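K.L.:
Could you look at this predicted model? Sequence included:
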Amino acid sequence: MSDDRFQAAVAAGVLAGEELHRSLLASIVETARAIFAAKASSIFLLDEDAEELVFEAVAGEGSEDLVGKRFPADTGIAGWVLATRQPLVLEDVQGDPRFRREAAESTGYVPKAMMAVPLLYEDTALGVLSVLDRAKDNRFTLAEMDLLSRFANQAAIGLDLLLRARRARTALEGTDEALQRLAHLGRNLEALPPERRPSALRLLAALEEIIRP
Amino acid sequence: MAALNVADVALHETDEELPAWSLPADAVDRIRVDLGWPAEVTREWAFGDSTGAGVRVCILDSGVEAGHPLVGAVQEAYAVSVDDEGNAIVAEDESGDRCGHGTACAGVIRGLAPECDLISVRVLGEGYKGSGRVLLAGLRWAIEQGYDVINMSLSTTKRDFAELLHELADSAYFRRTVLVASAHNMPVESYPWRFSSVISVGSHEDPDPFVYYYNPEPPVEFFARGLEVDVAWLDGSTLRCTGNSFATPHVSGLCALILSKHPRLPPFQLKSVLALTSDNVGPSA
């Protein structure tokens, strides 16, 4: 097994579960929605292999059952933002030639206006953060675009963490049973109450002694 | 006031070759340049009555829809691709624009400089996707053609391309081709707008296409109109767009106006003229 994969596997053993990363993304879209007083906000992740955008987190209108829903990566406004790696602001989404009505309708909420920004981590475009229908009379300014862009950096880091955890898990699942057990052991050890840790560590030391080659 | 004395400059350039790294005392006379630079550079001196005539502006983008009401005639159009061995292929192109972005830029430039020549060099495909290699090949080719202005409402975040782009930007600078490049709309590292040899452009919120600001705190050096701009789009349509992509052609258009009145002005002086005539610079600011 390569060092990389081993490290990934160990990381999976000790890292927090996917739920924690998910809640980070959920909190980001909740906050984005609150900051812009918007109807909804969502994060799409790019699935490069499938060339699809996947809803990873949704807040507000139409949020039920959307997580996990997929679209072709070149679809609509999110697809445009992903390809151009530039934020986009539209006051009339439905009149825009890039808008794909079918895709929007399938989410259960068709916006009138939106802002979308790519989630960039180093050289890679990981996905798209979008904010739909800001409060009325809240005219869009360049400062708002700047704010959303800064916010997107945070979302991109969250998304990158989620992806790393998933890669670690995949690497772990591909390994033999012994290593999987080891990783589980590491995770369980982390979760032990403090009073039980010393005895667990003594047991591990003894185990190490016995199985030394 | 007198415009740049082109004949003198051209004569001295083609005259006896100077040593590359030094200037002998008796050679000073040979590099004398009469710029006709006024005591105060005004907009009237810079581009008053100019139409952009005689200036060739290249739009390195997704193509341009010729005949669009806001664009008019496109003098030349090419498409760039790269073969399996990485060699650039540049061919004449009649397929117009694949996504609207290049047409938008062309319309803005035409709006400011109605009589400039527009040359479309397509390096982006449908949906504005392009490979870095195609972008580099297209830029290299455009610089070799000696266009006066190259509008680049695009950038790449790929570090691998940064060094090559830097070299290309410098070679354009020395060949008197001005690169006008969009700053990224987000706080990320991307290129070529960060290079000092190009003119980088961000957006301001004023609706006047002739309002522009010099930024004393680079890397973004100029701000032009980029908020809710009604730009040309596909099939003769228009679209209201926001972003530095649309601010950049405003500065390209201004460059065309200035170069039409002061042909062959080198990029560093062109940048100075823009700075000195900016809305936030000088006694009128």
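P.N.:
Nice, I can see it. Numbering: from 1, shown residues only, chains lettered A, B, ... in the order given.
K.L.:
Going by C-alpha atoms from here, please, whenever you check contacts or count neighbours.
P.N.:
Fine.
K.L.:
just how off-centre is the lengthiest helix in chain A within its chain?
P.N.:
Using DSSP state H, we find that the single longest helix of chain A is helix A:142-173. Centre-to-centre, helix A:142-173 and its host chain are 6 Å apart (CA atoms, centre = their mean, to the nearest Å).
K.L.:
could you pull out the helices for the stretch 1-150 of chain B?
P.N.:
Assigned helices in the stretch 1-150 of chain B, in chain order: B:6-14, B:43-47, B:101-112, B:132-144 (criterion: DSSP state H, counting those that start in this stretch).
K.L.:
Just the buried positions in the second one, please.
P.N.:
The one in question is helix B:43-47. B:45-47 (16 or more other CA atoms under 10 Å in any protein chain shown).
K.L.:
Next: the last one.
P.N.:
When neighbours are counted by 16+ other CA under 10 Å, the buried residues of helix B:132-144 are found to be B:132-143.
K.L.:
What parts of chain A come near chain B?
P.N.:
Residues of chain A lying close to chain B by CA under 8 Å from any CA of the partner chain are A:74, A:80, A:83-84, A:86-90, A:96, A:122-123, A:141-142, A:146, A:149-150.
K.L.:
List buried residues within those.
P.N.:
Here, 16+ other CA under 10 Å leaves A:74, A:80, A:83-84, A:86-90, A:142, A:149 buried among these.
K.L.:
Among these, which ones are in helices?
P.N.:
Cross-referencing these against helices under DSSP H gives A:80, A:83-84, A:142, A:149.
K.L.:
how about those, which pair is most distant?
P.N.:
Using CA to CA, the two most remote members of these are A:A83 and A:L142, lying 21.3 Å apart.
K.L.:
In the chain, where is pLDDT below threshold?
P.N.:
By default, I'm working from chain A. A:1-17, A:63-64, A:136-139, A:175-176 (pLDDT under 70).
K.L.:
That was the other one, I meant chain B.
P.N.:
Filtered on pLDDT under 70, chain B yields the residue ranges B:1-20, B:126-130, B:283-285.
K.L.:
interface residues of it facing chain A?
P.N.:
Checking chain B against chain A by CA under 8 Å from any CA, the hits are B:127-129, B:157-159, B:184-187, B:203-205, B:227, B:239-243.
K.L.:
Run a quick neighbour tally on residue 56.
P.N.:
Reading this off chain A. Neighbours of A:E56 under the rule other CA atoms under 10 Å in any protein chain shown: 20.
K.L.:
Chain B, not that one
P.N.:
Neighbour count of B:R56, defined by other CA under 10 Å: 23.
K.L.:
close enough to count as contact, B:A169 and B:S197?
P.N.:
Yes. The pair B:A169 and B:S197 qualifies as a contact (CA atoms under 8 Å) at a distance of 6.2 Å.
K.L.:
related to what we said a few turns ago, okay if I get the ones in helices among the buried ones among the residues of chain A next to chain B as CSV plus distance to B:L234?
P.N.:
Formatted as CSV, those follow (distance: CA to CA, whole Å):
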residue, distance to B:L234
A:W80, 15
A:A83, 18
A:T84, 17
A:L142, 25
A:S149, 28
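K.L.:
need the longest helix for chain B.
P.N.:
Max-length helix for chain B by DSSP H is helix B:244-261.
K.L.:
Report the angle between the helix or strand following that helix and helix B:244-261.
P.N.:
Using DSSP states H and E, the helix or strand that follows helix B:244-261 towards the C-terminus is helix B:267-276. Calculated by axes from the mean of the first three to the mean of the last three CA atoms, to 10 degrees, helix B:267-276 forms an angle of 110 degrees with helix B:244-261.
K.L.:
Where do the domain boundaries of the chain fall?
P.N.:
Using chain A. Split into domains by automatic domain parsing, chain A comes to A:3-172, A:176-210.
K.L.:
Can you look at chain B instead?
P.N.:
B:1-36, B:52-276.
K.L.:
now, of those, which is deepest in the fold?
P.N.:
With neighbours taken as mean count of other CA atoms under 10 Å in any protein chain shown, those reach their highest mean count in domain B:52-276, at a mean of 22.
K.L.:
Ends of that domain, what's the gap?
P.N.:
Domain B:52-276 has an end-to-end distance of 19 Å (criterion: CA to CA, to the nearest Å).
K.L.:
A:F99 versus A:R33, what's the distance?
P.N.:
21 Å.
K.L.:
Out of the two, name the residue with the larger neighbour count.
P.N.:
Applying other CA under 10 Å to A:R33 and A:F99 shows that A:R33 carries more neighbours, namely 23 against 18.
K.L.:
sec struct for that one, please.
P.N.:
Following DSSP: H, G, I helix; E, B strand; the rest coil, the label given to A:R33 is helix.
K.L.:
Is it in contact with A:I43, as I believe?
P.N.:
No. When contacts are counted by CA under 8 Å, A:R33 is not listed as touching A:I43 (11.5 Å).
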